[in-house]
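>>> the amino acid sequence is not available; the structure is as follows:
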């Protein structure tokens with residue numbers, strides 16, 4: 001199984017893309033910001049918006065488009081896995097006394113009709129957005145410093161490989 005993932009990532013050429021970025025002169029700080037911001041925006045709990053968000057932030061902060069989109073695509077399964085926990089966090093923030101959100105709750109929301117189902121799902125989605133928003137800044141800071149330390153640790157190795 002691990003060998004399969006290794007072959008998959010080699011086929012994507014991730015290492016070569018990072019080496020190309022280093023040849024362009026991307027600093028460790030900018031690379032750490034690209035990775036951490038890319039990951040954070042990639043777990044935004046509204047499916048279908050993460051590509052636009054990552055592109056917008058890459059443009060605003062002059063980050064590398066290729067790396068931020070690569071992180072976006074790799075983090076897509078994590079986004080889906082975190083959607084319900086973000087909804088729970090949002091419910092806790094608002095003190096919602098409703099039942100805890102689950103996949104079954106989302107499906108049952110449409111039992112009373114399409115419009116009512118969309119209203120209920122949008123309410124759950126708003127909970128998820130607020131849950132994500134509360135955890136976004138601390139998550140960004142922690143992830144940025146972890147990435148920065150790892151990049152600095154391996155930067156000289158990658159820089160030598162780029163030459």
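Done, it's in. Computed from a predicted model, the values in this text were never measured in an experiment.
>>> burial check on the residue nearest to residue 145 when sequence neighbours are not counted, number of neighbours?
Nearest residue to residue 145 in three dimensions, chain neighbours excluded: residue 32, at 7.9 Å (C-beta to C-beta, 6 or more residues apart in numbering). For the C-beta atoms, the positions are set from N, CA and C on the backbone; glycine is no exception. Using other C-beta atoms under 10 Å, residue 32 has 20 other residues around it.
>>> how about residue 32, what does it touch?
With contact taken as C-beta atoms under 8 Å, 6 or more residues apart in numbering, residue 32 is in contact with 144-145, 147-148, 151.
>>> likewise residue 39?
The contact partners of residue 39, taken as C-beta under 8 Å, 6+ apart, are 71, 75, 143.
>>> now do 6 Å
Shown in contact with residue 39 (C-beta atoms under 6 Å, 6 or more residues apart in numbering): 71, 75.
>>> next one: the helix or strand hosting it to chain centre, how far?
Assigned by DSSP states H and E, residue 39 belongs to helix 28-42. Centre-to-centre, helix 28-42 and its host chain are 10 Å apart (C-alpha atoms, centre = their mean, to the nearest Å).
>>> again with stretch 71-80
With C-alpha atoms, centre = their mean, you get 6 Å for stretch 71-80.
>>> and stretch 105-116, by the same measure?
Taking mean C-alpha positions (C-alpha atoms, centre = their mean), stretch 105-116 and its chain are 28 Å apart.
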